[in-house]
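Chemist: please work out how this folds:
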Amino acid sequence: MRRFQKSRHTIENWIAELENGENLVIEDPLPGDHHLIKRYRISKSDNATIDPTLLSLDGNDRAALERLGTANLEQAAKTALEKVLAGSAELGATLAINQADLINRHRHIDAIGPKLAVQAKVIETVEKSVIGQTEVRLLYRAQGKPRASWRQVRPFGLLYGRFGYLVASIKRGAPLLFRLDLIRKAESTTDMFEPKPNWDFKKWASESFGIFHGDKLIDIKLRFKGEAAKRAERITFHPSQRIERGRGKTLVVHLRCRGHRELIHELCHPDWLGSVVIEEPDSLKDEMGTYCDALRSTYGGVAD
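Modeler: Okay, the predicted model is just below:
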């Protein structure tokens, strides 16, 4: 009902049609099933007229199956799971590419801002290496370099912001960021690698305000005023966020994160311009001043 936005009556009719067509077989419950759970298997028939959307995976389905694939399953179960997953697009490809197709089919939905240009085959190859914990070879043209070169990396996951990035390391080095649109080719290898002990990709990603992790982890205090305070109250800037009411109907936001340059970009957005003050730390105030001087110098102004 949630997936197709249909009433219970409609879903029950669908199930009845499948049963009448002898395409739906009732399965025995599994140990641990709730007493209200019913399991069905859709059998193949020469006269089958099954809606293909019933046999497809949505994002939640695929994520659950991929998590199951990392469990200690019997070989027969692993083989069956691989066949199911092989028939649908990888999650990253769906996010980066299929999303655009979905938007194009709806006249009342559109996407604005810079667009990510990336090859579906590259994401599919990278994601399979992430899930299988195998190294991957990339033909990569780093920013500022005239041509691409091959390098073999250990992939940990994908990050999406203004652009898409592969988080990977070269041998046992620190995690690095590779822009997906700068990867010309990706080739799988059979070289297995062990994940870093006590290292969690999602936790690592959540430490930074944006994509980059080069800065130190610092405590930040921002004060929003006026209408901006009302807007900021409804926004989660970072998982570490803590807010409190301040003097004069202001809103104080406390953050603990990296990625200071990306935070500065956010604070320069017209929504906050003139309505937010960096109260702590002094190092971030200085960095903001340097950034503003560079903008004035670059775009025709004169630095003070």
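
Chemist: for residue 199, see how far away residue 263 is.
Modeler: Going from residue 263 to residue 199 by Cβ to Cβ, to the nearest Å gives 24 Å. Any C-beta I mention is one placed from the backbone N, CA and C, and that applies to glycine too.

Chemist: of the two, who's got more company?
Modeler: Neighbours around residue 263 and residue 199, counted as other Cβ atoms under 10 Å, are more numerous at residue 263. The numbers are 24 against 10.

Chemist: next up, the contacts around the closest residue in space to the more buried one that isn't next to it in sequence.
Modeler: Spatial nearest neighbour of residue 263, chain neighbours left out: residue 209 (4.5 Å); criterion: Cβ to Cβ, 6 or more residues apart in numbering. Listed by Cβ atoms under 8 Å, 6 or more residues apart in numbering, the contact partners of residue 209 are 237-238, 255, 257-260, 262-263, 266.

Chemist: do that again at 7 Å, thanks
Modeler: For residue 209, the contact set (Cβ atoms under 7 Å, 6 or more residues apart in numbering) comprises 238, 257-259, 262-263.

Chemist: then residue 240?
Modeler: Applying Cβ under 7 Å, 6+ apart to residue 240 gives the contacts 255-257.

Chemist: can you give me the helices in this protein?
Modeler: For the chain, applying DSSP state H gives helices covering 8-20, 59-69, 75-86, 91-93, 99-104, 120-132, 201-206, 226-232, 260-267, 282-298.

Chemist: so which of these comes closest to residue 33?
Modeler: Between residue 33 and the helices of the chain, the tightest spacing by Cβ to Cβ is seen for helix 59-69, at 16.2 Å.

Chemist: distance to residue 139 and mean pLDDT for the helices of the chain - can I get that in a markdown table?
Modeler: Formatted as a markdown table, those follow (distance: least, Cβ to Cβ, whole Å; pLDDT from 0 to 100):
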| stretch | distance to residue 139 | mean pLDDT |
| --- | --- | --- |
| helix 8-20 | 47 | 79 |
| helix 59-69 | 26 | 70 |
| helix 75-86 | 25 | 72 |
| helix 91-93 | 18 | 55 |
| helix 99-104 | 24 | 52 |
| helix 120-132 | 10 | 81 |
| helix 201-206 | 24 | 80 |
| helix 226-232 | 43 | 87 |
| helix 260-267 | 28 | 83 |
| helix 282-298 | 33 | 87 |
